[in-house]
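Novice: Got a predicted model here, sequence first, then my questions.
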Amino acid sequence: MWNIRATDMPRILYLFSYVPLLYAKSMGLAKYFLCVQLKRIFCQAVRGPVWWALQMTIVINTLFYAIIFIIFLCQCIPREKIWDNTFDGVCIDYAASFVACRAINLVLDIGILAVPIWAVWHLQMTFKHKIKPLLLFAIVLDLRDSHRFHGLSISHYHWR
């Protein structure tokens with residue numbers, strides 16, 4: 001498939017071992033700032049139910065991504081076993097942790113999108129005016145998460 005020498009694989013695997021760590025940090029920060037932006041939009045000065053729901057979402061997402069960062073950091077002990085199988089050590093089941101991470105991430109994403117939908121639903125507007133932003137959130141939810149169900153199976157595809 002590719003012209004990669006076997007002697008180059010440990011270096012490539014070493015570099016790729018940092019991708020999940022970058023993912024955990026970047027997605028955690030992105031969701032944090034998304035929730036902060038939603039707090040600025042829906043919670044001007046009052047600490048009402050929407051503020052508390054967003055605050056709880058921030059805490060849960062921060063804890064989740066901190067745990068994911070630690071899990072991916074310690075996926076093999078010693079860490080060198082990730083890119084060099086000659087080391088003695090133990091590794092977690094990467095495929096199972098990836099599927100669990102995606103499933104929990106899906107639930108957290110739906111929670112982040114549910115809070116503004118709930119906030120719009122409780123605004124003092126006519127149903128006609130409420131339905132427009134709710135449809136927008138529904139479209140975003142569908143586009144964001146519809147592809148995830150396909151990837152929840154542990155299948156390995158090989159190119160021929």
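Specialist: Arrived safely. Numbers count the residues shown, from 1 in each chain.
Novice: how far out from the middle of the chain is the longest helix belonging to the chain?
Specialist: Criterion DSSP state H: the longest helix present in the chain is helix 94-121. Averaging C-alpha positions (C-alpha atoms, centre = their mean, to the nearest Å) puts helix 94-121 7 Å from its chain's average.
Novice: so for stretch 40-59, what's the average pLDDT?
Specialist: Average pLDDT, stretch 40-59: 89.
Novice: which of the residues in it are buried?
Specialist: Neighbour-count burial for stretch 40-59, counted by 16 or more other C-beta atoms under 10 Å, picks out 42, 43, 50, 51, 53, 54, 57, 58. The C-beta positions use only the backbone N, C-alpha and C, and glycine is treated the same way.
Novice: same check, this time on stretch 62-82
Specialist: Using 16+ other C-beta under 10 Å as the test for burial, stretch 62-82 gives 64, 65, 68, 69, 72, 75, 76, 79, 81, 82.
Novice: Doesn't the third one belong to a strand?
Specialist: No. Residue state for residue 68 (DSSP: H, G, I helix; E, B strand; the rest coil) corresponds to helix; a strand is not indicated.
Novice: contacting residues for it?
Specialist: If a contact means C-beta atoms under 8 Å, 6 or more residues apart in numbering, then residue 68 has 20, 24, 28, 101 as its contacts.
Novice: quick one: which of the buried residues of stretch 62-82 is nearest to residue 120?
Specialist: Distance to residue 120, by C-beta to C-beta, is smallest for residue 64 among these, at 25.3 Å.
Novice: low-confidence ranges in this protein?
Specialist: 1-2, 140-160 (pLDDT under 70).
Novice: Tell me which residues touch the most centrally placed residue in the chain, please.
Specialist: Nearest residue to the geometric centre of the chain (C-alpha atoms, centre = their mean): residue 105, 4.5 Å. Contact analysis of residue 105 by C-beta under 8 Å, 6+ apart lists 27, 64.
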